[in-house]
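[1] Got a sequence here, can you build the structure:
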Amino acid sequence: DLAKNSASNLTGTSIFDPVLCEVMLKWFCPVDGTVFDPFAGGSVRGIVAAKLGYRYVGIDLRQEQIDANYANAKEIGVETTWYCDDSLNADQYIEDDTADFILSCPPYADLEVYSDDPRDISTMDYDDFLKAYREIIAIACRKLRQDRFAVFVVGDVRDKKGFYRNFADDTKAAFRDCGMLLYKYLVLLEQIGTGALRAGRQFSALRKVVKCHQ
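    Now for the predicted structure:
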């Protein structure tokens, strides 16, 4: 139901897996903890967190997305918190050393462009994207209490020439520079679906294998 309701309120971009969200929260966030999401996007993470009894604070640039999130939460019958702003301004909404968990799914560079707002990092070239991305991660890390976890769901993306940017390693480096070291690296296996049908043509044309994980 959550995935169905979320889909009705979003704008054609990918939907975060609610089961993955539930598992990450139960595995890595203390009971009754506070969750901070600097790339809040859709409603799934906020709603699942609320359903499980966590306090959730999410930030997203797009007012239409925030409105859709609140409408979805009301329909499902939970209360949670999203703010419409740039996460570079997160100090206005959550104090340092108060979050028990960071859970987010940032833009995969320009793989999906979410708006035409110049502050939207999905609109930036990769160097500018990384600069803003690292700043937001640094701010998010300040919000986290000691001995706590951050989970970012990321997959690699290709540049305009078709080569991988190494985005996952750039993400790990950004956290490492904030004093947070890699503790777990989990791979989410996706359904193969039409992958077998696409594999031959994709490989013959571009020498790219079908990816069924992130």
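[2] How about residue 53: what's its closest non-neighbour residue?
    Closest residue to residue 53 in three dimensions, ignoring its sequence neighbours and counting by CB to CB, 6 or more residues apart in numbering: residue 32, at 6.0 Å. No exception for glycine: its C-beta is placed from N, CA and C like everyone else's.
[3] ok, that neighbour - contacts?
    53, 54, 55 (CB atoms under 8 Å, 6 or more residues apart in numbering).
[4] okay but the second one is in contact with residue 29, surely?
    Going back to what we said before, that points to residue 54. Yes. Assessed by CB atoms under 8 Å, residue 54 is found in contact with residue 29 at 6.3 Å.
[5] Quick check: neighbours shared by these two?
    With CB under 8 Å, 6+ apart as the test, residue 54 and residue 29 both reach 35, 101.
[6] what comes up buried for the top strand by length along the chain?
    Longest strand of the chain, by residue count under DSSP state E: strand 144-152. Under the neighbour-count criterion of 16 or more other CB atoms under 10 Å, strand 144-152 has 144, 148, 149, 150, 151, 152 buried.
[7] again, but for stretch 168-179
    For stretch 168-179, a neighbour-count test (16+ other CB under 10 Å) marks 168, 170, 171, 172, 174, 175, 178 as buried.
[8] got the phi/psi numbers for residue 158?
    phi -100, psi 150 (degrees, to the nearest 10).
[9] Tell me which residues touch it, please.
    164, 165.
[10] run the last query once more with 6 Å
    Residue 158 sits next to residue 164 when contact means CB atoms under 6 Å, 6 or more residues apart in numbering.
[11] ok, now how distant is it from residue 61?
    Distance from residue 158 to residue 61, counting by CB to CB, to the nearest Å: 24 Å.
[12] Look up which helix or strand the nearest residue in space to residue 179 that is not next to it in sequence falls in, please.
    Nearest residue to residue 179 in three dimensions, chain neighbours excluded: residue 141, at 7.3 Å (CB to CB, 6+ apart). According to DSSP states H and E, residue 141 maps onto helix 126-143.
[13] tell me the angle that helix makes with strand 144-152.
    140 degrees (axes from the mean of the first three to the mean of the last three CA atoms, to 10 degrees).
[14] mind listing what's buried in helix 126-143?
    Those buried within helix 126-143 under the rule 16+ other CB under 10 Å are 126, 129-130, 132-134, 136-137, 139-143.
[15] returning to that earlier point: surely the residue nearest to residue 179 touches residue 177?
    No. The pair residue 141 / residue 177 is not scored as a contact, 9.3 Å apart, by CB atoms under 6 Å.
[16] in this structure, which segments are predicted with low confidence?
    Residue ranges of the chain with pLDDT under 70: 1-14.
[17] quick one: the helices in it?
    2-9, 18-28, 44-51, 63-76, 126-143, 167-176, 195-206 (DSSP state H).
[18] Please dump these into a markdown table; it should also carry distance to residue 95 for every row.
    Output for those, formatted as a markdown table (distance: least, CB to CB, whole Å):
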| stretch | distance to residue 95 |
| --- | --- |
| helix 2-9 | 29 |
| helix 18-28 | 21 |
| helix 44-51 | 18 |
| helix 63-76 | 21 |
| helix 126-143 | 7 |
| helix 167-176 | 20 |
| helix 195-206 | 45 |
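[19] Now do the contacts for the residue nearest to the spatial centre of the chain.
    The structure's the chain has its C-alpha centroid closest to residue 105; by CA atoms, centre = their mean the separation is 0.9 Å. Neighbouring residues of residue 105 by CB under 6 Å, 6+ apart: 16, 153.
[20] Since that was my last question, I'll sign off now.
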